[in-house]
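Trainee: Predicted model and sequence below, questions to follow.
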Amino acid sequence: MKVTSSLMDKQDLLITENTTLKLRVAEYEKVNAINQALKEEIQEAEVQDGITDRAEDGLGDNKFKELRNEWKQELEEEKVKFSEVVRREIQENTKVAVIEVIKEKEDLVQDAVDKKRRFDL
């Protein structure tokens, strides 16, 4: 009964942590969406104002595209890194919970063995 209760407590803890992580991911996704919208607005303004015009700023279309692609690559790398961090955090929390449950089961088995020995005497 204690094992079941302990497992349920661990499960509740993991569910809470998972929910917290999901909320963090959602928050980062919102920030990313805002960043994307701002980027598009800036690009629109640059085109409208002629900022990307080769004659005005010396940046050719190729250089602008290169810079834009670098920026996109950096954003993608940040997403991957964040996803990896969240994945590792979930794995670590799961490992810790499993180890704790195993230790508790070992303790319960040892208690049962000790009681049986005392009963047999």
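Mentor: That came through fine. Numbering: from 1, shown residues only.

Trainee: Show me where this protein has its helices.
Mentor: According to DSSP state H, the chain carries its helices in the segments 2-49, 54-57, 61-120.

Trainee: Tabulate those helices (JSON lines), appending mean pLDDT and mean neighbour count.
Mentor: For the C-beta atoms, the positions are set from N, CA and C on the backbone; glycine is no exception. Converted to JSON lines, the helices of the chain look like this (pLDDT from 0 to 100; neighbours: other C-beta atoms under 10 Å):
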{"stretch": "helix 2-49", "mean pLDDT": "80", "mean neighbour count": "12"}
{"stretch": "helix 54-57", "mean pLDDT": "49", "mean neighbour count": "10"}
{"stretch": "helix 61-120", "mean pLDDT": "84", "mean neighbour count": "12"}
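
Trainee: Now the residue positioned nearest the centre of the chain. Nearest residue, chain neighbours left out?
Mentor: To find the centre residue of the chain, average its C-alpha atoms and take the closest one (C-alpha atoms, centre = their mean): that gives residue 86, at 2.4 Å. Among residues not flanking residue 86 along the chain, residue 21 sits closest, at 5.5 Å (C-beta to C-beta, 6 or more residues apart in numbering).

Trainee: how far away is that neighbour from residue 62?
Mentor: Applying C-beta to C-beta, to the nearest Å, one obtains 41 Å for the distance of residue 21 from residue 62.

Trainee: Over to residue 34?
Mentor: Plainly put, residue 34 is 29 Å away from residue 62 if you go by C-beta to C-beta.

Trainee: Who are the contact partners of the residue nearest to the centre of the chain?
Mentor: 21, 24-25 (C-beta atoms under 8 Å, 6 or more residues apart in numbering).

Trainee: do residue 71 as well
Mentor: Remark: with contacts taken as C-beta under 8 Å, 6+ apart, residue 71 is in contact with residue 39.

Trainee: Could you check how far it is from residue 81?
Mentor: Counting by C-beta to C-beta, the gap from residue 71 to residue 81 is 16 Å.
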